[in-house]
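Q: sequence unavailable; structure follows:
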């Protein structure tokens, strides 16, 4: 039984009890937490270089979490590419900045 989670992302199977909670933790806790860490670091530092470092570290963490979900076959892409994922992760970080500002 395949279970759709989002428009272009689906889980392989709900036979394992960790699949859906792992995705929910990623979507509802880890992404907002990393965006919050990024926004906090961005507005507490004044140097452009440190801000860029915060951005790249949070971007890499977001992308790495998605890679782990794909690697452990918790999610799979349907009509989706890594570029779209990267753009989405950058969008999360930028939306965090614009919402707080």
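A: Right, received. Where do you want to start? Since this is a predicted model, take the numbers as computed values, not measurements. Numbers count the residues shown, from 1 in each chain.

Q: going forward, measure contacts between C-alpha atoms and count neighbours the same way
A: OK.

Q: who does the lengthiest helix in the chain touch, helix- and strand-wise?
A: Among the segments of the chain that qualify as a helix by DSSP state H, the longest is helix 48-71. Where contact means 3 or more Cα pairs under 8 Å, 6 or more residues apart in numbering; DSSP states H and E, helix 48-71 is packed against helix 31-44, helix 82-100.

Q: just want the most central residue of the protein.
A: residue 62 (4.1 Å; Cα atoms, centre = their mean).

Q: need the pLDDT of that one.
A: Looking at residue 62, its pLDDT reads 94.

Q: for residue 76, phi and psi?
A: Dihedral pair for residue 76: phi -140, psi 150, per degrees, to the nearest 10.

Q: for it, grab the count of nearby residues.
A: 16 (other Cα atoms under 10 Å).

Q: distance of it relative to residue 67?
A: Separation of residue 76 from residue 67 (Cα to Cα, to the nearest Å): 10 Å.

Q: how about residue 90?
A: In terms of Cα to Cα, residue 90 sits 15 Å off from residue 67.
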